[in-house]
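# What follows is a predicted structure for the sequence shown.
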Number of protein chains: 2
Amino acid sequence: MPQPKQERALHTRSRIIRAAAEVFNEYNFAEASLSKIVSRAGVTMGAIYFHFSSKEELAKAVMSEQAADMPLPHGEDGLQKLIDITIDMAHQLQHNVLLRAGVRLAVEQGAFGVADDAAYVLWIERLREQLVAASERGELLSGIEVDEFARVLVGAYTGTQLLSQITTGHTDLPERITNLWRYLLPGVATPGVISQLRLGPRTAEQEL
Amino acid sequence: MPQPKQERALHTRSRIIRAAAEVFNEYNFAEASLSKIVSRAGVTMGAIYFHFSSKEELAKAVMSEQAADMPLPHGEDGLQKLIDITIDMAHQLQHNVLLRAGVRLAVEQGAFGVADDAAYVLWIERLREQLVAASERGELLSGIEVDEFARVLVGAYTGTQLLSQITTGHTDLPERITNLWRYLLPGVATPGVISQLRLGPRTAEQEL
């Protein structure tokens, strides 16, 4: 059981990450200063340096938290849940501050000298789990390599959200992800399975 | 016919863009100073400011030149040429300095406050032309919208190259693009056409 002191430290750490995500969303990396993050989080500069050695380290923490933190949609593991995760994420990218900042930093990290694939590896693993379940349920065409397709999917998704962000600020992202699936599914799933899949958001009734 | 003076100005401009591409490749955006570009290009700071109002404007020029400048592979327009363009580009991204810098800047531009989709629009248009030809040749499944699929393809390609860059410095990019096509083609092309397509680089014999 964590001691009160450790609990406080963890609380401060997550407050800093949250404030950093807000600042990284509103400003580009150069402008997102530690002093802006300090004042947003309501902590001291000392508290930030206790947890993070630099702005780059803080950016890395935001990148991995976005992937670790996101709740998965309900439902049985398999191809429908995989699609639901990607559509959910497309909606979340429109307003979830931590996810927006984490994904933006993961894409733009080269501009500030970071090359950290941790967030991508986490997403590949998460989507791969659903593909393994889909394979066990007989939803995939024979010969589909789940590791390889998980990588293809995360790559395709990453660029799709980048284009959507640059051209519409993520407004058209859910539609773009639905389109991506329409082209990808015939190469992955059996025709009988495809006809049963829902490529848009769940209706209120389906949520129940 | 351009006057000698205009010719010299164009020559200087392209020398600056070339030098900028080299510097943007070697350093991240913050470190890629105009003074580094000046000394690499062998021009004066005044010459740079005659052509470009800021480092951001110079970055935009590199982004659009990479798309405008790349020669297309030979062969008749259509699906095979579309695939050849994407595989060629995967190899070029390993060593073509202007292309590498332009694509990197297009991906990372948000980090320095630029949101310019010109390079993406150019690539979408270029790939769309091949899809229109493919459609006229009867290579596409009925109901495929060439505009939409061109956008899907550029999005998927952009993210695929980003993941390849972060994890292997583009070494595995040709293989990743071949994989992407294996999953996309069944959603786009007729089975008879797919069996005729080559998803890897041309052999020496095919180059003749």
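Yep, that arrived.
# confidence score at the closest residue to chain B within chain A?
Chain B sits closest to residue A:159 of chain A, with a gap of 2.7 Å, by C-beta to the nearest C-beta. All C-beta spots, glycine's among them, are computed from the backbone N, C-alpha and C. Residue A:159 carries a pLDDT score of 98 in this model.
# nearest residue to it other than its sequence neighbours?
Nearest residue to residue A:159, sequence neighbours excluded (C-beta to C-beta, 6 or more residues apart in numbering or on different chains): residue B:159, at 2.7 Å.
# Who are the packing partners of the host helix or strand of that neighbour?
Residue B:159 belongs to helix B:146-168 when assigned by DSSP states H and E. Packing partners of helix B:146-168 (3 or more C-beta pairs under 8 Å, 6 or more residues apart in numbering or on different chains; DSSP states H and E): helix A:118-136, helix A:146-168, helix A:173-184, helix B:79-92, helix B:97-108, helix B:118-136, helix B:173-184.
# Go through those helices and name the closest to residue A:85.
Among the helices and strands packed on helix B:146-168, the nearest to residue A:85 by C-beta to C-beta is helix A:118-136 (6.9 Å).
# Show me what the closest one is packed up against.
In terms of contacts (3+ C-beta pairs under 8 Å, 6+ apart), helix A:118-136 is packed against helix A:55-69, helix A:79-92, helix A:97-108, helix A:146-168, helix B:146-168.
# ok, 7 Å please
helix A:55-69, helix A:79-92, helix A:97-108, helix A:146-168 (3 or more C-beta pairs under 7 Å, 6 or more residues apart in numbering or on different chains; DSSP states H and E).
# on that earlier part again, so the residue of chain A closest to chain B makes contact with residue B:155?
Yes: Residue A:159 is within contact range of residue B:155, at 4.5 Å (criterion: C-beta atoms under 7 Å).
# residue closest to the middle of chain A?
Residue closest to the mean C-alpha point of chain A, counted by C-alpha atoms, centre = their mean, is residue A:67 at 4.8 Å.
# follow-up on the earlier one: quick check: which of the helices and strands packed on helix B:146-168 is buried the most?
Comparing the helices and strands packed on helix B:146-168 by mean neighbour count (mean count of other C-beta atoms under 10 Å in any protein chain shown), helix B:97-108 ranks first with a mean of 24.
# And for that one, what's in contact with it?
A:107-108, A:110-111, A:162, B:18, B:21-22, B:24-25, B:29, B:59, B:62-63, B:65-67, B:69-70, B:92-93, B:119-120, B:158, B:161-162 (C-beta atoms under 7 Å, 6 or more residues apart in numbering or on different chains).
# For residue A:191, which of the helices and strands packed on helix A:118-136 is the nearest?
helix A:79-92 (13.0 Å).
# Report the inter-axis angle for that closest one versus helix A:55-69.
140 degrees (axes from the mean of the first three to the mean of the last three C-alpha atoms, to 10 degrees).
# what sits against residue A:15?
A:41, A:43.
# Quick check: which element contains it?
Here residue A:15 is assigned to helix A:4-26, by DSSP H and E.
# in the next helix-or-strand element following that helix, what's buried?
Next helix or strand after helix A:4-26 toward the C-terminus (DSSP H and E): helix A:34-41. Buried residues in helix A:34-41, counted by 16 or more other C-beta atoms under 10 Å in any protein chain shown: A:34, A:36-38, A:40-41.
# same for helix A:34-41, what does it pack against?
Using 3+ C-beta pairs under 7 Å, 6+ apart: helix A:34-41 touches helix A:4-26, helix A:45-51.
# Would you point to the one among those helices that's packed deepest?
Ranked by mean neighbour count, the helices and strands packed on helix A:34-41 are led by helix A:4-26 with a mean of 17 (mean count of other C-beta under 10 Å).
# and the angle from that helix to helix A:55-69?
Going by the same axes, to 10 degrees, helix A:4-26 makes 100 degrees with helix A:55-69.
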